[in-house]
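In: Quick one, structure for this:
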Amino acid sequence: MKRILRNTLSASAILLIAAACQPDKSARYLRQTTSAANDNIMLVRENPPTFGQRRLDALASYYPDLGVFLAQQGHPDFLAETNKGENRYLIIYYLNARKAFACRSGIGRSHEVEFSGPYPITDNEAKTLAKLRDKASIAVRP
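Out: Down below sits the predicted model:
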């Protein structure tokens with residue numbers, strides 16, 4: 001019985017350590033890809049995974065509130081990102097619902113983010129995003 005308990009506790013400790021390391025892994029990925037993401041609109045698609053999807057996954061891991069937001073709002077179509085000073089600004093676009101949300105983080109506030117919205121997507125924004133999505137769909141066809 002002691003052996004089973006010890007093995008269970010060891011397995012639990014390993015899982016806790018692995019979970020604790022995830023934000024560090026996400027932080028490293030975010031630092032490595034910030035310049036590629038800065039001032040860009042990225043398609044967010046799971047299959048095949050896009051840069052925007054990988055970036056959003058890392059952001060959601062680093063900023064737990066963003067992960068909660070995505071669980072509540074669902075999977076977005078596009079992600080726009082810019083970095084100014086100590087703040088990271090995100091615009092999360094839901095093309096079919098024609099709405100967007102703004103998200104701001106600050107280095108001084110650690111892993112916290114602030115949200116605002118939803119904001120309506122204009123006709124011009126919707127057309128531009130639809131064209132980007134369609135071009136990406138054509139590019140991945142076999």
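In: Which parts of the protein are strands?
Out: Taking DSSP state E as the criterion, the chain carries its strands at 40-43, 78-84, 87-94, 99-106, 113-120.
In: Quick check: which of these is buried the most?
Out: For the strands of the chain, the largest average neighbour count (mean count of other CB atoms under 10 Å) is found in strand 87-94, namely a mean of 20. C-betas here are computed from N, CA, C, even on glycine.
In: Looking at the strands of the chain, spot the one closest to residue 132.
Out: strand 40-43 (6.3 Å; CB to CB).
In: And for that closest one, what's in contact with it?
Out: 50-52, 55, 77-81, 93, 129, 132-133, 136 (CB atoms under 8 Å, 6 or more residues apart in numbering).
In: burial of residue 58, as a residue count?
Out: 22 (other CB atoms under 10 Å).
In: Tell me the spacing between it and residue 79.
Out: 11 Å (CB to CB, to the nearest Å).
In: now swap in residue 106 and tell me
Out: Taking CB to CB, one finds residue 106 at 18 Å from residue 79.
In: Likewise for residue 116?
Out: According to CB to CB, residue 116 and residue 79 sit 16 Å apart.
In: quick one: least confident helix or strand in this structure?
Out: Lowest on mean pLDDT, DSSP states H and E among the helices and strands of the chain sits helix 2-37, with a mean of 51.
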